[in-house]
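Student: sequence and computational prediction follow.
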Amino acid sequence: MRATPVPEFMLEPAFDPAGTGREAVGLGSAAAKGLDVRHGTILTLEGINVSFDGFKALTDLNLYIGVGELRCIIGPNGAGKTTMMDVITGKTRPDNGHAYFGETLDLTQMSEVEIAQSGIGRKFQKPTVFEALSVFENLELALKTNKSVWASLRAKLSAAQKERIDEVLATIKLESARQRPAGLLSHGQKQFLEIGMLLVQDPQLLLLDEPVAGMTDAETEFTAELFKSLARKHSLMVVEHDMGFVGSIADHVTVLHQGSVLAEGSLAQVQADERVIEVYLGR
Ligand SMILES: Nc1ncnc2c1ncn2[C@@H]1O[C@H](COP(=O)(O)OP(=O)(O)O)[C@@H](O)[C@H]1O
Ligand SMILES: [Mg+2]
């Protein structure tokens, strides 16, 4: 059942004994808003090397993403695409090299939580929504990531937070499914919900690993529209094998091969590149 709207002044303050609750969420967006992007570059990777037991997953990788850009990353399996995202999000530490968010945030010195709070959101290939909770509750939890599940659901949302969730529900086209348990959504809808769970936190940089894998054609088309509408306000890095999808969204494409950048340019440019055809696109 839907709750009756309660005037804002009647709402209890959020349950927040340590006094870190909304500030912690706020810190993320405040820090993100204060992100220093004076040179127009939101992400800088320079000379990144990652090896696993002697196997080089990334080799002297250099990659720059501009503010508001929608960048697609393509390349054969094992090229290092996911490892690159792991480096950006702090899950994997590079052996050496520079990784900066904006001009001043050194990602190699920040924890995964600090990186997420500074405004980098990541979507993995498999959706990880809470199936027993409603669509709305999933978004609510994502907005209050600093608390345990039950503390989060007990804590009241502010009017601004509710408004943000409604906005995101409209963006991901799940308004009419807001009270539906997430477990009953289609695979595509779960993916959209997970994107929504990133968007409520208003990240400046979104990392999306194979977002349209397993989607229907209609869902893939909607994802393309969605990403195009998110670009400029956000910067996006999208790893995808679906060339039709890449062609419909990308400003700029980077081809990774054996842990380094093999080619970069428009999709047409990289598709015409002999080396790219050789290692990835085939003849
Ligand atoms: N944790 C790990 N331990 C050992 N090898 C790994 C690990 N993660 C990735 N690799 C290897 O690094 C290479 C790059 O993997 P990955 O980044 O997943 O490639 P992609 O996402 O482009 O398919 C692969 O050869 C993979 O087997
Ligand atoms: Mg991968």
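Tutor: Happy to help now that I have it. Ligands and ions are numbered 1, 2, ... in the order given.

Student: the residue in the chain that ligand 2 sits nearest to is in what secondary structure piece?
Tutor: When distances are taken as Cβ to the ion, the chain reaches nearest to ligand 2 at T82, 3.3 Å away. For glycine as for every other residue, the C-beta is placed from the backbone atoms N, C-alpha and C. In this assignment (DSSP states H and E), T82 forms part of helix 81-88.

Student: for T128, see how far away the residue nearest to M85 when sequence neighbours are not counted is.
Tutor: Closest residue to M85 apart from its sequence neighbours, by Cβ to Cβ, 6 or more residues apart in numbering: L207 at 5.0 Å. Separation of L207 from T128 (Cβ to Cβ, to the nearest Å): 14 Å.

Student: follow-up on the earlier one: what's next to the helix holding T82, contact-wise?
Tutor: 43, 45, 48, 50, 57-58, 61, 63, 73, 75, 92-94, 99, 107, 115, 120, 122, 207, 209, 237, 239, 256, 259 (Cβ atoms under 8 Å, 6 or more residues apart in numbering).

Student: what subset of those residues is buried?
Tutor: Burial by neighbour count, 16 or more other Cβ atoms under 10 Å: within the contacts of helix 81-88 this picks out 43, 45, 48, 50, 57-58, 61, 63, 73, 75, 92, 94, 99, 107, 115, 120, 122, 207, 209, 237, 239, 256, 259.

Student: near ligand 1, list only the ones from those.
Tutor: When Cβ under 6 Å from any ligand atom is applied, the members of the buried ones among the contacts of helix 81-88 adjacent to ligand 1 are A57, G75.

Student: okay, and which of the buried ones among the contacts of helix 81-88 map to strands?
Tutor: Within those, residues falling in strands by DSSP state E are 43, 45, 48, 50, 57-58, 61, 63, 73, 99, 120, 122, 207, 209, 237, 239, 256.
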